[in-house]
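> Pasted the sequence and its predicted model underneath.
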Amino acid sequence: MQARQRGRALALELGFSASEATLIATAISELSRNIVSYAGHGEITLRSTTVGGRLGLVIVAADSGPGIADVELAIRDGYSSMGGLGLGLPGVRRLMDEFELISALLHVLKNIERMGDQCVNICKVIPMTGHEPPADPEMVKLILTMGTHTKSLISQAKRAFEERNVEMARDLVARDDVVDELNRDCFRLALAIGDDADKREWAMTMLLAARAIERIGDNAVDIGEQTSFLVTGEFREFTDASH
């Protein structure tokens, strides 16, 4: 109740109309009810902001509950499992100019963690090839090219997320296709590399590195999907490569 009253008062102080202040208070009530129902306790933080010369109000609802099991269902219009005002998260999203779920940010953090794990995997397999491995120049070139493309994918995913650029995020799929094709080229080359046992063993090890690089690219695409979700409020997979 305190958060609702404080939110309405702050909205009026910032120049919102009485009706707008009431809608803001309603949104805060729904967020508060969601916290109490699913997490038991949490907090509502309110602060003013300025965007493009216009004053605004930022409302952050935070808790340490179990999280949202089905994000897409939770924000679907008409869905409410709380028995409250009937608005639920979909109603809050409609009332606000911007609505973001921290769960999307948590997904991105998970993607970044997975990228780091794949980098560790690469570092683990490379020493397995020995000090002077029977390297195939063409295979080395393919893997280095994969690395260059994937590095660019990561940069684009980061920029798309920062700028909330959906088109840039969607473009990650086509660019990741290049990485996927290079990975397939590595596999084909490994099969045709010859009968030398040491060289074949080296090639198989390199396939593990190539697969790790490909997975990094997949996670960059996943970050693009989360970018689209933050902007549109609808989660749709661009590709199922990493699932």
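Yep, that arrived. Every value quoted in this text rests on a predicted model; they were computed, and no experiment measured them.
> in this structure, which ranges drop under the pLDDT threshold?
In the prediction, the chain carries residues with pLDDT under 70 at positions 1, 64, 66-87, 99-103, 233-235, 239-243.
> all strands of it, in order?
Per DSSP state E, the chain carries strands over the ranges 42-51, 54-63.
> Neighbouring strands of the first one in the sheet, and parallel or not?
It stands for strand 42-51. Sheet pairing for strand 42-51, assigned by DSSP bridges, gives strand 54-63 (antiparallel).
> and the nearest residue to M204 once chain neighbours are set aside, what does it touch?
Leaving aside its chain neighbours, M204 sits nearest to A190 (6.5 Å; criterion: Cβ to Cβ, 6 or more residues apart in numbering). C-betas here are computed from N, CA, C, even on glycine. Residues in contact with A190 (Cβ atoms under 8 Å, 6 or more residues apart in numbering) are 139, 200, 203-204, 206-207.
> distance of A190 from L106?
With distances taken as Cβ to Cβ, to the nearest Å, A190 is found 37 Å from L106.
> returning to that earlier point: generate CSV for the strands of the chain, with mean neighbour count and distance to I216 as supplementary columns.
CSV is the format used below for these (neighbours: other Cβ atoms under 10 Å; distance: least, Cβ to Cβ, whole Å):
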stretch, mean neighbour count, distance to I216
strand 42-51, 12, 34
strand 54-63, 16, 31
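> mind putting those in a markdown table, distance to I122 included?
Converted to a markdown table, these look like this (distance: least, Cβ to Cβ, whole Å):
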| stretch | distance to I122 |
| --- | --- |
| strand 42-51 | 40 |
| strand 54-63 | 36 |
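> Nearest to R6, out of these?
Within the strands of the chain, the stretch nearest R6 is strand 42-51; the backing value is 6.2 Å (Cβ to Cβ).
> what's in contact with that closest one?
Strand 42-51 is contacted by residues 3, 6-7, 10, 14, 28, 31-32, 35, 55-65 when judged by Cβ under 8 Å, 6+ apart.
> now stretch 52-59
7, 10-11, 14-16, 24, 27-28, 31, 44-50, 96-97.
> How about stretch 205-214?
The list of residues contacting stretch 205-214 from outside it, by Cβ under 8 Å, 6+ apart, reads 118-119, 121-122, 125-126, 128-129, 139-140, 142-143, 146-147, 150, 179-180, 182-183, 186-187, 190.
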